[in-house]
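**Student:** No letters, just coordinates:
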């Protein structure tokens with residue numbers, strides 16, 4: 001009884017398989033032929049295209065073979081069921097059925113090979129061959145957004161940097177004050193539970209959590225400046241003198257990880273997993289001292305408005321501990337008044353650690369956005385003294401202890417103030433200049449004169465910086481990811497903003513329209529840059545047909561089927577936290593998805609979208625017309 005049921009099941013399965021081949025094969029061949037015909041029309045070759053002829057032959061052949069196989073299977077089944085126990089007839093029926101099944105397998109295999117060849121030919125003709133996934137998501141890890149949207153303002157080396165000198169320091173700057181104990185341990189070294197620096201090759205397959213703690217760089221000393229910027233200085237050179245070496249830096253998230261000064265988690269919400277980045281060291285030790293590229297105001301300038309900032313730009317990243325801080329007690333870079341005393345205030349670092357800016361601590365009022373404006377002494381000659389660090393017996397390296405007593409680069413090379421290629425220490429290499437203030441206040445706001453890429457543009461270089469050209473010299477330390485924002489959405493998936501890392505930099509522009517490269521060149525304006533990871537392009541996949549799942553850019557690439565496009569749109573956003581060198585805020589216009597709210601009026605509470613241009617009230621603040 002069981003054998004009889006098994007025989008019937010086998011016969012029924014064979015008949016269903018043959019029927020599937022009979023009806024499905026022509027459909028598959030028809031799809032292939034449809035795509036081929038489309039190619040023929042597009043190329044102007046019409047029905048004479050050899051690929052179309054091949055497609056038709058395959059269609060007819062598969063149909064005929066399916067009919068023949070079906071007939072043989074039905075005949076074998078009929079013979080078996082009417083054998084009446086005759087062993088000879090049963091054996092003959094088995095042979096016919098077995099041969100038919102083998103033939104079926106051969107036909108299916110032949111069809112698969114044929115389909116692959118035709119698909120490859122189509123892909124080559126349409127310029128988008130292959131069977132790989134057309135959509136590559138560059139926003140694969142939400143923790144990348146911690147440098148940008150999240151709490152990290154900047155770090156050095158930058159993400160993905162290569163050829164980093166072996167004697168570099170590792171620096172992280174946060175946007176708010178941090179809980180020092182969660183970063184620096186009681187012994188003055190890094191807290192290994194929350195900061196982990198490891199050779200990328202030493203990472204276990206399960207990631208940093210599975211990596212042996214002995215692989216971490218525990219000899220890295222940590223130092224902090226104002227509880228926002230932390231510098232990790234390896235006591236031994238990184239990398240190797242013969243091979244390039246990749247390192248990964250991990251900053252731990254969650255409630256037990258790195259914390260803000262108020263005790264809350266530094267990495268929360270979408271970024272609760274923390275942050276990590278990689279960089280690669282070269283085989284070299286950096287022994288080139290840093291130099292000053294430009295400063296503002298320039299040497300000998302007169303009638304500088306009292307609300308001006310003071311700016312120094314270097315040709316490479318400098319150590320933030322030795323080049324910025326509050327005056328007093330910070331004394332490596334001084335602002336000296338006509339009475340010979342230091343002007344109290346603070347130096348702030350930015351621009352990927354290549355720019356420092358000074359603002360006094362004398363409050364002079366607020367700008368039109370409601371932010372504080374600080375003023376310099378009126379009608380005063382001010383002198384700036386940027387001290388070079390004392391060097392060792394083998395310059396250009398600065399002498400310990402750390403932090404150094406003057407300006408150095410991130411590798412510890414002392415400042416080359418006289419630009420002779422040597423680091424000779426103070427006073428030879430200290431940079432001094434002076435300018436004269438007036439009793440006036442500059443209230444002219446900066447404007448954006450142009451952008452690259454252009455607004456509503458397309459076909460942009462997805463790896464190049466986004467640049468904004470301002471009408472005046474700008475406070476470059478405000479051109480960072482606190483106030484210069486960048487967002488991206490997938491048009492087909494508008495559920496939420498896609499995270500990616502980005503940070504801001506700036507270049508002062510001279511009269512020739514090029515970045516200023518010498519101290520004597522006059523600064524006319526500033527270009528702000530959004531440095532970002534490689535962005536995702538508009539991509540597509542064929543919805544169906546013989547090219548289903550393959551890459552496409554238009555429907556014609558998919559034959560008779562549709563090309564499903566995923567388009568990414570990107571939105572740079574310059575907010576009112578950006579100021580010029582006179583602390584005047586930028587008046588942003590914005591588009592928040594509605595033609596009725598094209599303007600963004602800045603206020604102490606943030607950006608207020610409104611339908612008409614911003615209006616200045618009697619006290620100098622901005623508001624939306626008609627707003628209550």
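**Tutor:** That came through fine. Values in this document were obtained by computation on a predicted structure and should not be read as measured data. Numbering: from 1, shown residues only.

**Student:** Any stretches of the stretch 451-600 of the chain with poor pLDDT?
**Tutor:** Along the stretch 451-600 of the chain, the parts satisfying pLDDT under 70 run over 490-498, 590-598.

**Student:** Apply 90 and report the result again.
**Tutor:** The model of the stretch 451-600 of the chain has pLDDT under 90 over residues 454-463, 485-500, 520, 534-541, 543-554, 556-557, 559-561, 564-576, 585-600.

**Student:** now the strands: where do they sit in the stretch 301-450 of the chain?
**Tutor:** Counting by DSSP state E, counting those that start in this stretch, the stretch 301-450 of the chain has strands at residues 310-314, 325-327, 333-336, 345-350, 355-360, 363-366, 372-374, 381-386, 431-436, 448-452.

**Student:** Go through those and name the closest to residue 203.
**Tutor:** Ranking those by distance to residue 203, with CB to CB as the measure, places strand 345-350 first at 31.2 Å. Bear in mind the C-beta positions are built from the backbone N, C-alpha and C, glycine included.

**Student:** Pairing partners for the closest one, with directions?
**Tutor:** strand 325-327 (antiparallel), strand 355-360 (antiparallel) (DSSP bridges).

**Student:** Hmm, residue 299 is touching residue 519, no?
**Tutor:** Yes - using CB atoms under 8 Å, residue 299 is in contact with residue 519, at 7.2 Å.

**Student:** Neighbour count: those two, which is higher?
**Tutor:** The residue with more neighbours, out of residue 299 and residue 519, is residue 519; 17 against 13, by other CB atoms under 10 Å.

**Student:** From residue 543, how far out is that one?
**Tutor:** 60 Å (CB to CB, to the nearest Å).

**Student:** same question, residue 381
**Tutor:** According to CB to CB, residue 381 stands 73 Å off from residue 543.

**Student:** Can you give me the neighbour number for the nearest residue to residue 303 once chain neighbours are set aside?
**Tutor:** Excluding the flanking residues, the one nearest residue 303 by CB to CB, 6 or more residues apart in numbering is residue 438, at 4.3 Å. Look at residue 438: counted by other CB under 10 Å, it has 16 neighbours.

**Student:** and what of residue 102?
**Tutor:** For residue 102, using other CB under 10 Å, the count is 10.

**Student:** And for the one 3 residues further on?
**Tutor:** When neighbours are defined as other CB under 10 Å, residue 105 has 11 of them.

**Student:** following the helix or strand containing it, which helix or strand shows up next?
**Tutor:** Following DSSP states H and E, the helix or strand that holds residue 105 is helix 87-126. Remark: after helix 87-126, the chain's next helix or strand is strand 152-156, criterion DSSP H and E.

**Student:** Can you give the contact residues for the next helix-or-strand element following that following strand?
**Tutor:** Counting by DSSP H and E, the element after strand 152-156 in chain order, helix or strand, is strand 161-164. Applying CB atoms under 8 Å, 6 or more residues apart in numbering, the contact partners of strand 161-164 are 157, 238, 244, 279, 280, 281, 282.

**Student:** tell me what the helix or strand where the fifth one lies is packed against?
**Tutor:** Using DSSP H and E, residue 280 maps to strand 274-281. Judged by 3 or more CB pairs under 8 Å, 6 or more residues apart in numbering; DSSP states H and E, the packing partners of strand 274-281 are strand 161-164, strand 245-252.

**Student:** in the longest one, what's buried?
**Tutor:** Neighbour-count burial for strand 245-252 flags 245, 247, 248, 249, 250, 251, 252 (criterion: 16 or more other CB atoms under 10 Å).
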